[in-house]
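# Predicted coordinates and the sequence they were generated for:
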Amino acid sequence: MASVIGIANTETAAPVAEPAPANVAPARPSGPTAENAALPRRRRWAWPRLSPLTRRIVAVNVLPLLLLAVGFLYLGKFEASLIDQQVEALRTQGEIFAAALGESDVLESPDYGEVLLPDLARETMRRLVAPTHTPARLFDSQGKLIADSKLLFAPGDAIEVTELPPPDNKGFVTRAVDATYDWVARLLPQRRAYPPYHAGRSASDFPEVERALHGETASAVRRDPTDKMLVISVAVPVQRYKEVLGAVMLSSVNGDIEAELRNVRFELLRIFGVALCVTFLLSVYLATTIGRPIHQLAEAAERAQGRGARIEIPDLTQRGDEIGDLSRSLRQMTNALWLRMSAIESFASDVAHEIKNPLSSLRSAVETAVRIDDPVKQQRLLAIILDDIERLSRLITDISDASRIDAELSRDVMEPIDLAAMLRALVDIHETTRPQGAAHVALTLPERHRGLIVQGIESRLSQVFLNLISNAVSFSPPGADIRVGVREDGRAVLVTVEDDGPGIPPEKLTTIFDRFYTERPAAEKFGTHSGLGLSISKQIVEAHRGRIWAENRYDAAGAVRGARFLIRLPQA
């Protein structure tokens, strides 16, 4: 057997491209002026700044995807399965090698028994390795290396042959991607610490070979300290009739496992890259559909601050989502506030006008009383002054009640109210306390009136019905009948108050509910009513989500026979 007297490494260093300089800022135009430097950052750059809401939505959607990608890049179980598959493939191939060597390259010697023939074994190894190029070594029963697929044995020497890597024709982008991958791979936690690999020349350098020489099939996984690649070795005993004649060791080509892991990782990164882009774009779209309309609503609210002009809130109800509901609510709230402001302004103007009339009368009466000496005229002026004072007192009381009613209605809790019981009590009180010759009030109830329940404030609804009955009594002739009826009207309750008075002028059917409007009987003393009763009643009914209106009653000939007031309230 030729001894190994020299090893010549024919591997040459491949040219390495000089890396492009990193972190080099691109050339910029002339330096910014002092005016541009004072501008905010978002105005100096062309890229739009993401809103805080957009950043949060993008982070919430992208972060779990990134964590999932990092978890897949770990690939611990996949690497273990690749190692197991490689070990199994090498074991199968090694058993084939061992069987071929044991059948064809053994010589029966009368002195030493059966021995492997080195020259024949090397030739057989060369032919067996040729199709797969799998690194293989053959050891004799004494643990001496007699064949190596990387060595060319010649007379008197042995030359090691190493396959050169392909030339580096990668572009800048490919090299940058590979460098980034290597950097990320180094950051990943090591799956397992493997012993270092050393290219030995005897069985003692490989524990798996020593076990194979004892008749076992063994494997080992090591890491090459030069290129950090995994090297998998499988040793199979070469036997003939159960006698161990040597051991064949097959090794994986450096980088097989890492190349497979790299391919799988890059495939996963492509998938995650597409998913990441789609997730980012969908997140920005989602944030835009949420953030932009909210920003529009906020801008409209800011424009409305401190301005007397009416600001329209954007109408986003066509979206059909919560932001559309918010837009509708803001528009309704803005309209309600605007109507309230207009009502307050109108109310203040009406109050000033109504109070000014009795004050002017008082001033005129006081000035006249000072200048005259006739006691009879002075008494008459004093009576006028007292009437004006009472009128002012009554007016201020009604104005105070009207100004408080909105706040009280918003604070009070609505409860179920039986309108039949309430109206029966009001009619009984009126009939018990009515003066001699006053109009009668009769209540008409349906046979089954269990559904006459509404949700409301009892004291305020009683105020409405008392006011309507009082008005009907004041316009009815002595001894007339006033009819109060209540019945179900679909999903609502309808209450009617009818009288036999002169009726209401057709053009005044809606005006009578205006504030400070008075249309009293001719025989009634002037100033006994403030004109706020029906206005307050309408305010109370609308606060209960109801409706109040007036109409005239006609006979068969078309003549007016009286007035009818109707109140419709939703059932509880």
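That came through fine. Numbering: from 1, shown residues only.
# for the one helix or strand residue 397 maps to, packing partners?
Assigned by DSSP states H and E, residue 397 falls within helix 375-411. Helix 375-411 sits against helix 322-371, helix 458-475, helix 533-543, with contacts defined as 3 or more C-beta pairs under 8 Å, 6 or more residues apart in numbering; DSSP states H and E. Where C-beta positions appear, they are placed from N, C-alpha and C, glycine not excepted.
# dump the residue contacts of residue 404.
Contacts for residue 404 (C-beta atoms under 8 Å, 6 or more residues apart in numbering) come out as none.
# got a pLDDT number for it?
pLDDT recorded at residue 404 is 70.
# Got the domain ranges for this structure?
53-152+173-266, 309-411, 412-572 (automatic domain parsing).
# now for the ones you listed, which one comes closest to residue 289?
domain 309-411 (8.0 Å; C-beta to C-beta).
# chain center to the closest one: distance?
Put simply, domain 309-411 sits 47 Å off its chain's centre (C-alpha atoms, centre = their mean, to the nearest Å).
# And residue 124, how far from residue 382?
145 Å (C-beta to C-beta, to the nearest Å).
# okay, the two: which has more neighbours?
residue 124 (20 against 13; other C-beta atoms under 10 Å).
# Distance of the more buried one relative to residue 296?
On the measure of C-beta to C-beta, residue 124 and residue 296 end up 83 Å apart.
# again, but for residue 414
From residue 414 to residue 296 the distance is 35 Å (C-beta to C-beta).
# same thing with residue 497?
Taking C-beta to C-beta, one finds residue 497 at 48 Å from residue 296.
# one step back: please work out the angle formed by the directions of the helix holding residue 397 and helix 458-475.
Angle of helix 375-411 versus helix 458-475, following axes from the mean of the first three to the mean of the last three C-alpha atoms, to 10 degrees, is 140 degrees.
# now the angle from helix 375-411 to helix 533-543?
0 degrees.
# Can you name the element that comes right after helix 375-411?
That would be, after helix 375-411 and using DSSP H and E, strand 415-418.
# Give me the distance between that following strand and the centre of its chain.
Distance, centroid of strand 415-418 to centroid of chain: 41 Å (C-alpha atoms, centre = their mean).
# rewinding a little: so residue 497 and residue 296 - more neighbours on which side?
residue 497 (23 against 15).
# surely the more buried one meets residue 472?
Yes - with contact defined as C-beta atoms under 8 Å, residue 497 and residue 472 form a contacting pair (5.6 Å).
# Quick check: beta-bridge partners of residue 550?
Beta bridges link residue 550 to residue 565 when assigned by DSSP bridges.
# Contacts only, for it.
By C-beta under 8 Å, 6+ apart, residue 550 lies in contact with 504, 509, 512-513, 563-566.
# what does residue 134 give?
Here residue 134 is in contact with 90, 93, 149, 250-253 (C-beta under 8 Å, 6+ apart).
# Quick check: helices, which of the residues you listed are part of them?
Here DSSP state H is the test, and these give 90, 93 as lying in helices.
# out of the contacts of residue 134, who has the most neighbours?
residue 250 (28 neighbours).
# Against residue 201, how distant is that one?
Using C-beta to C-beta, we find residue 250 at a distance of 17 Å from residue 201.
# Over to residue 216?
22 Å.
# And residue 80, by the same measure?
31 Å.
# Same question for residue 340.
100 Å.
# what's the answer for residue 339, then?
101 Å.
# before we move on, what about residue 332?
91 Å.
# Same question for residue 231.
16 Å.
# what's the answer for residue 383, then?
139 Å.
# In PDB, could you pull the C-alpha coordinates for stretch 134-148?
Taking C-alpha atoms only, stretch 134-148 is exported to PDB below (Å, rounded to 0.1, in the frame of the first residue of the first chain):
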ATOM      1  CA  THR A 134     -20.100  11.500  -1.300                       C
ATOM      2  CA  PRO A 135     -16.900  11.900   0.800                       C
ATOM      3  CA  ALA A 136     -16.000   8.400   1.900                       C
ATOM      4  CA  ARG A 137     -13.100   6.800   3.900                       C
ATOM      5  CA  LEU A 138     -12.300   3.100   4.400                       C
ATOM      6  CA  PHE A 139     -10.400   1.900   7.500                       C
ATOM      7  CA  ASP A 140      -9.000  -1.600   8.000                       C
ATOM      8  CA  SER A 141      -9.600  -3.700  11.100                       C
ATOM      9  CA  GLN A 142      -6.600  -2.100  12.800                       C
ATOM     10  CA  GLY A 143      -8.100   1.400  12.300                       C
ATOM     11  CA  LYS A 144      -5.700   2.400   9.600                       C
ATOM     12  CA  LEU A 145      -7.000   4.600   6.700                       C
ATOM     13  CA  ILE A 146      -6.600   2.600   3.500                       C
ATOM     14  CA  ALA A 147      -8.900   4.600   1.100                       C
ATOM     15  CA  ASP A 148     -10.200   8.200   0.900                       C
END
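# Show me what counts as buried in it.
134-141, 143, 145-148 (16 or more other C-beta atoms under 10 Å).
# Farthest-apart pair in those, please.
Most distant of these, by C-beta to C-beta, are 134 and 141, 22.9 Å apart.
# rewinding a little: out of the helices and strands packed on helix 375-411, the one nearest residue 451 is which?
helix 458-475 (16.8 Å).
# contacting residues around the closest one?
So helix 458-475 is in contact with 405, 408-409, 412, 415, 417, 419, 422-423, 426, 430, 434, 438-439, 441, 454, 482, 484, 495, 497-499, 501-502, 520-521, 524, 533-534, 536-537, 540-541, 543-544, 548, 563, 565, 567, going by C-beta under 8 Å, 6+ apart.
# what about 7 Å?
409, 417, 422-423, 426, 430, 438-439, 441, 482, 497, 499, 501-502, 521, 524, 533, 537, 540-541, 563, 565, 567 (C-beta atoms under 7 Å, 6 or more residues apart in numbering).
# buried subset of the residues you listed?
Here, 16+ other C-beta under 10 Å leaves 409, 417, 422-423, 426, 430, 438-439, 441, 482, 497, 499, 501-502, 533, 537, 540-541, 563, 565, 567 buried among the contacts of helix 458-475.
# Let's have the domains of the chain in TSV, adding distance to residue 291.
TSV is the format used below for the domains of the chain (distance: least, C-beta to C-beta, whole Å):
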stretch	distance to residue 291
domain 53-152+173-266	5
domain 309-411	10
domain 412-572	35
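# Comparing these by mean pLDDT, which bottoms out?
Among those, domain 309-411 scores lowest, with a mean of 77.
# what about the helices in the stretch 51-200 of the chain?
With DSSP state H, counting those that start in this stretch, the ranges of helices along the stretch 51-200 of the chain come out as 52-74, 76-104, 118-129, 172-187.
# Look at residue 495 and give its secondary structure.
Using DSSP: H, G, I helix; E, B strand; the rest coil, the structure places residue 495 in strand.
# wait, doesn't it sit right on residue 567?
Yes - with contact defined as C-beta atoms under 7 Å, residue 495 and residue 567 form a contacting pair (4.5 Å).
# so which of the helices of the stretch 51-200 of the chain gets nearest residue 488?
helix 52-74 (49.9 Å).
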